[in-house]
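Q: only geometry, no sequence info:
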């Protein structure tokens, strides 16, 4: 018999889960939340226009869950922003619906932020749901080319990422945030729609002076691409190629852009070569058309972000570049 989730509304932590047609995934995730050793939390599910009966199923099977339903699918970033805005708890854990948590995961994440008041976020160790001896990610890295990726993705879980440490940022699929950081940095950029919205947020948090801690003893198992689909679709390619341009334009100080312009240009040439190889030049051109069309909005945001920046370019660069 499965356990129950905590009841009541006065909790320290909200576990906020965006979902779209993910009832079968929630049927794995929610029991793992019910089995957590840390109990000072409530669960919020943001249903982004599901058509699989998620709302009725939650009401019948998990009445402890608070549900916010978007009337239509508004995209990943909009759902994540609802996850940030709706709770007013001290801590918010953003959690993809395709996760299963180790029983100590919440306790280890919360304990990490308690020990590091300078950190605005904490990241668990993500393992592959189907191959639990393999890493799905150990926090996020941002490269000198402007690209973001998960540390250790696809590597064996053999102890190489078992050290608690400062990292660039946390994957939005499993990110514990402090309320102060949310209020300071603001929501995810809605223009990103999907993909790299978490890397962009992590960069803005860095600029605002918030750190991120990696908690290897907090373990979650990630199915991966269960909602948007596996593989690099045209949907994903366009948003990745476009959003990289926007996050660099908004977030990198001018001296950082100048110093790493060769790497930035090199990465763009690489994406062009990949697009040509895969016969996706039309997608690449569409990504750049959208990126250029959005530049006026991004430059307005850049001015606000850079005016509020609390770290020097030299301090920022300590957290950029390949680190595992």
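A: Nice, I can see it. Source: prediction; values computed, not measured. Residues are numbered from 1 along each chain as shown.

Q: measure how buried residue 235 is and give me the count.
A: Counted with other Cβ atoms under 10 Å, the neighbours of residue 235 add up to 14. For the C-beta atoms, the positions are set from N, CA and C on the backbone; glycine is no exception.

Q: measure the residue nearest the centre of the chain to residue 71 for me?
A: Closest to where the C-alpha atoms of the chain average out (Cα atoms, centre = their mean) is residue 172, at 1.2 Å. When distance is defined by Cβ to Cβ, to the nearest Å, residue 172 is 23 Å away from residue 71.

Q: picking that back up, which SS class is the nearest residue to the residue nearest to the centre of the chain once chain neighbours are set aside?
A: Closest residue in space to residue 172, ignoring its immediate chain neighbours: residue 198 at 3.1 Å, by Cβ to Cβ, 6 or more residues apart in numbering. Put simply, residue 198 is helix when judged by DSSP: H, G, I helix; E, B strand; the rest coil.

Q: surely residue 198 touches residue 174?
A: No - with contact defined as Cβ atoms under 8 Å, residue 198 does not count as touching residue 174 (10.1 Å).

Q: for residue 13, phi and psi?
A: phi -130, psi 140 (degrees, to the nearest 10).

Q: quick one: it from residue 42, how far?
A: Counting by Cβ to Cβ, the gap between residue 13 and residue 42 amounts to 8 Å.

Q: can you give me the helices in the stretch 151-300 of the chain?
A: Using DSSP state H, counting those that start in this stretch, the helices of the stretch 151-300 of the chain run over residues 179-185, 197-207, 234-251, 254-259, 261-277, 281-293, 295-307.

Q: how about those helices in CSV, adding mean pLDDT and distance to residue 20?
A: Listed next are the helices of the stretch 151-300 of the chain as CSV, based on pLDDT from 0 to 100; distance: least, Cβ to Cβ, whole Å:
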stretch, mean pLDDT, distance to residue 20
helix 179-185, 97, 23
helix 197-207, 97, 15
helix 234-251, 96, 14
helix 254-259, 96, 36
helix 261-277, 96, 27
helix 281-293, 97, 23
helix 295-307, 97, 26
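
Q: and among those helices, the most buried is which?
A: When you average the neighbours per residue for each of the helices of the stretch 151-300 of the chain (mean count of other Cβ atoms under 10 Å), helix 197-207 leads with a mean of 26.

Q: which outside residues touch that one?
A: Residues outside helix 197-207 that contact it (Cβ atoms under 8 Å, 6 or more residues apart in numbering): 76-77, 80, 120-121, 140, 142, 148, 168-173, 175, 181, 185-186, 188-189, 192, 212, 243, 246-247, 250-252, 305-306, 308-311, 316, 319.

Q: apply 7 Å and report the result again.
A: Applying Cβ atoms under 7 Å, 6 or more residues apart in numbering, the contact partners of helix 197-207 are 77, 80, 120-121, 140, 142, 148, 168-172, 175, 181, 185, 188-189, 192, 212, 247, 251, 305, 309, 311, 316, 319.
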